[in-house]
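> Can you look at this prediction? I've put the sequence above it.
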Amino acid sequence: MKRIGMLTITALVLIGLLVVPGSFVTAGEPESTGEFLILFDSWDIPAGATAEVEAAGGEVIKAIPQIGVLVVSADAGFEDGAISGASAVGQNTIWELEQPVEVQVLEETSGQDIGDNDLYMFLQWDIKRVGGDADTWDIQKGADVIVAVLDTGVYYPHPDITPNYLYGKSYVVDHYHPEFGDVPGEDENDYHGHGTHVAGSIAAPITQGRVIGVAPEAGIANYKVMAAGGYGYTSWILEGIVDAADDGCHVINMSLGGYRYMPDEAHRAGFLAYARAIEYAWDQGTLTVASSGNGALDLVRIRPWFHSPSGAPKAISVHSSGAEDELAVYSNYGPVDQSMTAPGGGVTDIPFSLCVSTYSPLGQLEGAMYVWMAGTSMAAPKVSAVAALIYAENPGIDPGAVRAILFSTAERIGPNRIFGHGLVDAYAAVGG
């Protein structure tokens, strides 16, 4: 352990949401959940679709009419049935979290006199590196802008969350998991910890608490699409995207993802549904930001595998840098045209190179309120927060213009094929 100021700290590494395919040669079958996604050619669900589903042995359990998707319960093999107007049918896949490679919490000596924003002052190098400081906040703090956090929920009683917390919704309904069996639904609170960490990096306020987010007056909207066990159905995430757009959120942050093999229809259906949902959000004025994944992969070279949802055309894909502006050893990278970089934490042999933020005491590290983490999951929130600052500074701006400002003001820290458009820069993005 090492003492900095009044704090006694140990490091932790918690890699963000990740699903790595076992091979990039063959597709493999998504694990059966008993549910399927039907994506129709039209963005509308055709009349008579429900009857056709029932005739093929399925039951419609959810419709997402904004993007022409039905969620269907059926026996294995349903995807081979003929549904008129269906462009793709595939498993309603469960996305899993990768297990942390190391976990240690921030420790404190009993009786310390902890000051306001003390962790920001001593440890939040990542927030400061992207321009989260007084110079930027003198121009813009993000008031009246809403950032949707699609994640494991948000621990809303947290002192660094409460002032900017707006509302929460849970999509984690009663469901079946191939390993755990029948699992009950959950409320909107965070029983994992990941989502609370993400929310603090975006909008922890200056006015109270121990950390500060890049957009310290932005509103946090909690769309819980991942369960306490660290997984979520594709359909939950799709619903969250569509609802966040319909609810008027300006930015959607998705620090989650996995890989899909596009020649395989069962894989392709989910990717195309994500792409359609993100395009729908774009049309409603909402920009989507997603982590690029922690597989240390060139996302161009692995094609026809695609990282999803960060690979959707209208999404911004965010790679992770470390404390020395290096590409983090775990971070995916590419393609250049839709990606950029933000600090997500480096490696444990560089002291204090990880990212400190809020945590849920109801989560996996029971009782913890602040932890270190590393992953592209920690990088994406910085880009989402800077997007929020741009929306606040330019009322009425559209997602395309926000994305253009993010890309054009990013700091070049290395080759474009590695860092995309560069490192996000809050001060430049708001006209500083």
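Perfect, thanks for sending it. As the structure is a prediction and not an experimental result, all values here were calculated from the model. Numbering: from 1, shown residues only.

> separation between Met44 and Ser235?
Just so we're on the same page, residue 44 is Asp rather than Met. Asp44 is 18 Å from Ser235, where distance means CB to CB, to the nearest Å. (Glycine included, C-beta is placed from N, CA and C.)

> So which of the two has more stuff around it?
Ser235 (27 against 13; other CB atoms under 10 Å).

> what does the helix or strand where the more buried one lies contact?
Applying DSSP states H and E as the criterion places Ser235 in helix 234-246. With contact meaning CB atoms under 8 Å, 6 or more residues apart in numbering, helix 234-246 is reached by 35, 37, 62, 64, 66-67, 69, 71, 92-95, 148, 150, 169, 171-173, 221, 223-226, 252, 254, 256, 270, 273-274, 277-278, 280-281, 284-286, 288, 309.

> for the helix or strand that that helix is followed by, packing partners?
Tracing the chain C-terminally past helix 234-246 and defining elements by DSSP H and E, one meets strand 251-254 next. Under the contact definition 3 or more CB pairs under 8 Å, 6 or more residues apart in numbering; DSSP states H and E, strand 251-254 sits against strand 146-151, helix 234-246, strand 287-291, helix 376-393.

> Other residues contacting strand 251-254?
For strand 251-254, using CB under 8 Å, 6+ apart, the contacting residues are 145-151, 198, 202, 237, 241, 244-245, 281, 286-291, 309-310, 380-381, 384, 387-388, 391.

> swap the cut-off to 7 Å and go again
The contact list for strand 251-254, computed with CB atoms under 7 Å, 6 or more residues apart in numbering, reads 147-150, 198, 202, 241, 244, 281, 286-290, 309, 380-381, 384, 387-388.

> Starting from that strand, tell me which strands it pairs with and how they run.
If you go by DSSP bridges, strand 251-254 pairs up with strand 146-151 (parallel), strand 287-291 (parallel).

> quick one on the thing from earlier: go through the helix holding Ser235 and flag the buried ones.
Thr234, Ser235, Trp236, Ile237, Leu238, Glu239, Gly240, Ile241, Val242, Asp243, Ala244, Ala245 (16 or more other CB atoms under 10 Å).

> TSV please, covering those and showing pLDDT and distance to Val430.
Listed next are these as TSV, based on pLDDT from 0 to 100; distance: CB to CB, whole Å:
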residue	pLDDT	distance to Val430
Thr234	95	35
Ser235	97	37
Trp236	97	34
Ile237	97	30
Leu238	98	32
Glu239	98	32
Gly240	98	28
Ile241	98	26
Val242	98	29
Asp243	98	28
Ala244	98	23
Ala245	98	24
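
> Mind telling me what element Thr136 is part of?
Judged by DSSP H and E, Thr136 forms part of helix 134-137.

> picking up where we left off before, can you redo the buried residues of helix 234-246 as a markdown table with distance to Glu52?
Putting the buried residues of helix 234-246 into a markdown table (distance: CB to CB, whole Å) gives the following:
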| residue | distance to Glu52 |
| --- | --- |
| Thr234 | 21 |
| Ser235 | 19 |
| Trp236 | 25 |
| Ile237 | 26 |
| Leu238 | 21 |
| Glu239 | 22 |
| Gly240 | 27 |
| Ile241 | 26 |
| Val242 | 23 |
| Asp243 | 27 |
| Ala244 | 30 |
| Ala245 | 28 |
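
> okay, now the domains of this structure?
With domains defined by automatic domain parsing, the chain comprises 2-24+102-429, 35-92.

> Would you point to the one among the ones you listed that's packed deepest?
Most buried of those, by mean neighbour count (mean count of other CB atoms under 10 Å): domain 2-24+102-429, with a mean of 22.

> for that domain, the distance to its chain's centre please.
Relative to the chain's own centre, domain 2-24+102-429 is displaced by 5 Å; criterion: CA atoms, centre = their mean, to the nearest Å.

> can you start the count at 2 instead of 1 from here on
Sure, I'll start counting at 2 from here, so that last one is domain 3-25+103-430.

> if I pick Ser321, what's in contact with it?
Ala329, Ser332, Gly345, Gly346, Gly376, Thr377, Met379, Ala380.

> Quickly list what it is bridged to.
As for beta bridges, Ser321 partners with Ala343 under DSSP bridges.

> Could you report the pLDDT at it?
Per-residue pLDDT puts Ser321 at 95.

> Ramachandran coordinates for Arg211?
Torsion angles at Arg211 (phi, psi; degrees, to the nearest 10) stand at phi -110, psi -20.

> Ile162 too?
Torsion angles, degrees, to the nearest 10, at Ile162: phi -110, psi -40.

> wait, doesn't Leu366 sit right on His195?
No: applying CB atoms under 7 Å, one finds Leu366 not in contact with His195, separated by 10.8 Å.

> measure the residue of the chain most remote from its centre to Glu80 for me?
Distance from the centre of the chain peaks at Ala56, with 37.5 Å (CA atoms, centre = their mean). According to CB to CB, Ala56 stands 15 Å off from Glu80.

> What ranges does the chain have for its helices?
For the chain, the helices defined by DSSP state H cover 50-56, 119-124, 126-130, 135-138, 195-204, 235-247, 266-284, 377-394, 400-410, 417-420, 427-430.

> Distance to Asp338 added to those helices, as a markdown table?
Below are the helices of the chain laid out as a markdown table (distance: least, CB to CB, whole Å):
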| stretch | distance to Asp338 |
| --- | --- |
| helix 50-56 | 35 |
| helix 119-124 | 34 |
| helix 126-130 | 24 |
| helix 135-138 | 27 |
| helix 195-204 | 25 |
| helix 235-247 | 21 |
| helix 266-284 | 15 |
| helix 377-394 | 16 |
| helix 400-410 | 9 |
| helix 417-420 | 10 |
| helix 427-430 | 19 |
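
> With respect to Ser85, which of those helices lies nearest?
helix 50-56 (6.1 Å; CB to CB).

> Give me the contacts around the closest one.
Val61, Leu71, Val73, Ile84, Ser85.

> For it, give the mean pLDDT please.
For helix 50-56, the per-residue pLDDT averages 92.

> ok, back up a step: with distance to Leu120 as new columns, can the helices and strands packed on strand 252-255 be given to me in a markdown table?
Shown next, in a markdown table, are the helices and strands packed on strand 252-255 (distance: least, CB to CB, whole Å):
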| stretch | distance to Leu120 |
| --- | --- |
| strand 147-152 | 20 |
| helix 235-247 | 29 |
| strand 288-292 | 23 |
| helix 377-394 | 15 |
